[in-house]
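Participant: Output the structure for:
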Amino acid sequence: MFEEKFGSSAQGFIQVHHLKPLSEIQVEYEVDPIADLRPVCPNCHAMIHLGGKTRSIEEVQSWLQC
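Facilitator: Predicted structure coming up:
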């Protein structure tokens, strides 16, 4: 969807969201990319963290289905 909105210059541009917040991860915690990370577009990632409240990916997705 990001590329559809922003054109070919956005192709391959993605961010990852940590399901377990970085502030809660201890130094010895080893991040599992499959279990702990989800690819999201930068706009959705910003909305997940908007106003200092972390929303679920599903909540943000529901806004797009209106």
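Participant: okay, CA-based contacts and neighbour counts for the rest of this
Facilitator: OK.
Participant: for the chain, where's the lowest mean pLDDT among helices and strands?
Facilitator: helix 2-6 (a mean of 73; mean pLDDT, DSSP states H and E).
Participant: Which element is encountered next along the chain beyond that helix?
Facilitator: Proceeding N to C from helix 2-6, the next assigned helix or strand is strand 15-18, under DSSP states H and E.
Participant: What mean pLDDT does the next helix or strand after that following strand get?
Facilitator: Next along the chain after strand 15-18, taking DSSP H and E as the criterion, comes helix 33-36. What helix 33-36 shows for mean pLDDT is 94.
Participant: how about the CA coordinates for the next helix or strand along the chain from helix 33-36, as CSV?
Facilitator: For helix 33-36, the succeeding helix or strand toward the C-terminus, using DSSP H and E, is strand 37-40. Extracted as CSV, the C-alpha positions of strand 37-40 are listed here (Å, rounded to 0.1, in the frame of the first residue of the first chain):
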residue,chain,number,x,y,z
LEU,A,37,9.2,-8.0,14.6
ARG,A,38,6.5,-7.0,12.1
PRO,A,39,7.1,-5.1,8.9
VAL,A,40,5.0,-1.9,8.7
